[in-house]
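**Student:** please find the sequence and the predicted model below.
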Amino acid sequence: MANENGNGAGAGNQQGPSLNTLIQYIKDFSFENPNAPRSLIQQQQPQGGPQIGLQVNVHANALGESDFETILTLEGKATLNDETLFAFELSYAGVFRILGVPQEQLHAVVMIDCPRLLFPFARAIVADAVRNGGFPPLYIDPIDFAQLYRQRLEEMQTQGAPNA
């Protein structure tokens, strides 16, 4: 049992591909409740639910040969009758060590698998902030980062930008 070390330490590259989270952190966070307390009272009135918009972005930076910073940005706004109830912007990041992944697959791992690991933590931060702002917690639906990645690649190809 002593040889069953889950972090791959001392085993070299013989184990195949590995993805390790080194650190996770809030890079930037903002929550606005611009019309409180009126908006908090309004939400109690029976008039239907708020309209909620969400934008998701993923960016990455190489920090070394095998270390990458991936930044997941969630930006959202809730409105009711054209009045802002709340708005938030969260940039949640992690540093990942990726070993044994072929170069042609590395970009996809950084842009799909890394944000997939960050998402549950970012989702909880947003839910807590919205709840602490006086509203019911906002639980963001799971995000298909593979589909998001494919859409971004298609947009880049349509615009004639090189695959980066």
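**Tutor:** Nice, thanks for sending it over.

**Student:** show me what the residue most central in space within the chain is bridged to.
**Tutor:** Centroid-nearest residue in the chain, with CA atoms, centre = their mean: Leu72, separated by 3.3 Å. Counting by DSSP bridges, Leu72 forms beta bridges with Val58, Tyr92.

**Student:** kindly report the same for the one 4 residues further on.
**Tutor:** With DSSP bridges applied, the residues forming beta bridges to Gly76 are Leu54, Phe88.

**Student:** what about it, how many residues close to it?
**Tutor:** Neighbours of Gly76 under the rule other CB atoms under 10 Å: 19. For the C-beta atoms, the positions are set from N, CA and C on the backbone; glycine is no exception.

**Student:** from Ile52, how far off is it?
**Tutor:** Relative to Ile52, Gly76 is positioned 6 Å away (CB to CB, to the nearest Å).

**Student:** overlap in contacts, the two.
**Tutor:** Common contact partners of Gly76 and Ile52 (CB atoms under 8 Å, 6 or more residues apart in numbering): Leu138.

**Student:** quick revisit: ok, now which ones touch the residue nearest to the centre of the chain?
**Tutor:** So Leu72 contacts Val56, Asn57, Val58, Ser91, Tyr92, Ala93, Pro115, Leu118, Phe119, Ala122 (CB under 8 Å, 6+ apart).

**Student:** in this protein, which helix is the longest?
**Tutor:** Ordering each helix of the chain by length in residues (DSSP state H) puts helix 114-132 first.

**Student:** which secondary structure elements does that helix contact?
**Tutor:** strand 18-32, strand 67-80, strand 83-99, helix 145-158 (3 or more CB pairs under 8 Å, 6 or more residues apart in numbering; DSSP states H and E).

**Student:** if you set the cut-off to 7 Å instead, what comes out?
**Tutor:** Helices and strands touching helix 114-132, by 3 or more CB pairs under 7 Å, 6 or more residues apart in numbering; DSSP states H and E, are strand 18-32, strand 67-80, strand 83-99.

**Student:** now that helix: buried residues?
**Tutor:** Cys114, Pro115, Arg116, Leu117, Leu118, Phe119, Ala122, Arg123, Ile125, Val126, Ala129, Val130 (16 or more other CB atoms under 10 Å).

**Student:** so who does the last one touch?
**Tutor:** Read it as Val130. Listed by CB atoms under 7 Å, 6 or more residues apart in numbering, the contact set of Val130 reads Phe86, Pro137, Leu138.

**Student:** please produce TSV containing those residues, extended by neighbour count, distance to Val110 and pLDDT.
**Tutor:** Converted to TSV, those look like this (neighbours: other CB atoms under 10 Å; distance: CB to CB, whole Å; pLDDT from 0 to 100):
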residue	neighbour count	distance to Val110	pLDDT
Phe86	25	31	95
Pro137	14	30	93
Leu138	20	27	93
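
**Student:** thanks a lot, see you next time.
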